[in-house]
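Enquirer: got a predicted structure here, sequence first:
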Amino acid sequence: MPMAIKGRRATYEERVSACEALENGIPADKIAAVLKVSRSSLFEWQRAYRAQGAEALRTKKTRGPRSRLDDGQMSQLFRLVAGNDPRQLSFGLALWTRGMVQELIFRQFGVRLSLVSVGSILGKLGMSPQRPLYRAYERDPEKVAEWKERTFPQIQARAKKEGAAIFFADEASVRTSYHAGTTWAPVGKTPVVSGAGSTRSISMISAISPRGEMHFRVHDSGIRQEEFLDFARMLVADTDRPVFLIMDNSQVHRAIILRTCAEQSNGMLTLFFLPPYSPDLNPDEWVWKNVKHDNLGRASVRTVGELAEFASAALARLKEMPDKLRSFFRDPALSYIQA
């Protein structure tokens, strides 16, 4: 008799045909040889077929291992993971891993699960691995809420009443050694791009408005109080209406010479300050993402002069793209500006 192939799994249709053949008197040896299955399998199918019909021959899907956490424990686990920094629960790291959740489950419920099972449970809870946003621990949520719900709406209303333009300003620096982005190359051969060996930096200032207006300057040194004061004066001179200038709380922005200039401007320059440690509330941060990451990081400059030229060109191009500048304000964190 031909040997059956070990592990051969017949299809539902094959099982039904085999049973019908047996019922019609075809020898089991011949059927087993054609299907390459054992005689014992044929007779097992025949018994099921006679007892319950063809539906009994369907392959039943095997169930995966059941979660060893009940509904209440699953809900508690969700609250623990979604509602806590791991460090609050005496873990050494700030980002949840499956291994840490595995340990948390054992601590809380005395249940030891595999990493695969932990991942499955997290999926059932509607969780997925994500890149987090980082915020300074000194940030005050109440001050952020007050800015969004009260302070900025008051600034908007006042600007509308006085016919003023609202600008958000910020500074950034970039080094000649800054790199970002990828390039195409043959698989297995890491590309090499030449760039500056020494490290020097330039500084940039920009201010943008919800209307898509932008002003900027590039400096080959750090931004001091005097440079920012000159920029603020230039901004007022180039704008045909009063300027409401919103910035973070850096020493440069709170310098006495800048405040004095605003006080003596006859209402042409008014200063406002974002809540501390809240860069996400400033749309000008998107300018630096565009200029640094999307442009300068891909340039691989060789000298600080070349870096300054690239930066000026990138800022000038952006200045001519009001639609793109307005798109920066559509970031979810900046929805308070559109309210």
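Expert: On my side now, so go ahead.
Enquirer: and the residue nearest the centre of the chain, helix, strand or coil?
Expert: To find the centre residue of the chain, average its C-alpha atoms and take the closest one (C-alpha atoms, centre = their mean): that gives Arg131, at 4.9 Å. Under the three-state scheme (DSSP: H, G, I helix; E, B strand; the rest coil), the conformation of Arg131 reads as coil.
Enquirer: tell me how far it lies from Ala262.
Expert: Distance check for Arg131 against Ala262: by C-beta to C-beta, to the nearest Å, it reads 39 Å. Yep, even glycine has a C-beta here, placed from its N, CA and C like the rest.
Enquirer: go on, Gly222?
Expert: 22 Å.
Enquirer: neighbour count: those two, which is higher?
Expert: Shown here are Gly222 and Ala262; by other C-beta atoms under 10 Å, Ala262 has more neighbours (16 against 12).
Enquirer: how close does the more buried one sit to Arg233?
Expert: From Ala262 over to Arg233 the distance is 11 Å, taken as C-beta to C-beta.
Enquirer: over to Val16?
Expert: Going from Val16 to Arg233 by C-beta to C-beta gives 89 Å.
Enquirer: quick one, which of these two is more surrounded?
Expert: Per other C-beta under 10 Å, whichever of Val16 and Arg233 has more neighbours is Val16, with 18 against 15.
Enquirer: I'd guessed the more buried one sits against Leu57; true?
Expert: Yes: the pair Val16 and Leu57 qualifies as a contact (C-beta atoms under 8 Å) at a distance of 5.9 Å.
Enquirer: what touches both of those two?
Expert: Tyr49 (C-beta atoms under 8 Å, 6 or more residues apart in numbering).
Enquirer: what residue ranges in the protein score low on pLDDT?
Expert: Counting by pLDDT under 70, the ranges of the chain that qualify are 1-8, 60-67, 132-138, 176-185, 187-198, 295-301, 339.
Enquirer: strand partners of the top strand by length along it, parallel vs antiparallel please.
Expert: Using DSSP state E to assign secondary structure, the strand with the most residues in the chain is strand 165-175. Applying DSSP bridges, strand 165-175 is found paired with strand 201-208 (antiparallel), strand 243-247 (parallel).
Enquirer: just the buried residues of the following helix or strand past the last one, please?
Expert: Meaning strand 243-247. Later in the chain than strand 243-247, the nearest helix or strand by DSSP states H and E is helix 256-263. Judged by neighbour count (16 or more other C-beta atoms under 10 Å), helix 256-263 contains these buried residues: 258, 261-262.
Enquirer: same question for stretch 92-109.
Expert: 96, 98, 100-105, 109.
Enquirer: then stretch 71-83?
Expert: Of the residues in stretch 71-83, those buried under the neighbour-count criterion (16+ other C-beta under 10 Å) are 73, 77-78, 80-81.
Enquirer: just stretch 30-41 next, same as before
Expert: In terms of neighbour count (16+ other C-beta under 10 Å), stretch 30-41 has its buried residues at 31-32, 35, 37-38, 41.
Enquirer: would you reformat those as TSV and include distance to Val304 and secondary structure?
Expert: Rendered in TSV, the data for these read as follows (distance: C-beta to C-beta, whole Å; DSSP: H, G, I helix; E, B strand; the rest coil):
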residue	distance to Val304	secondary structure
Ile31	84	helix
Ala32	82	helix
Leu35	78	helix
Val37	77	coil
Ser38	80	coil
Ser41	79	helix
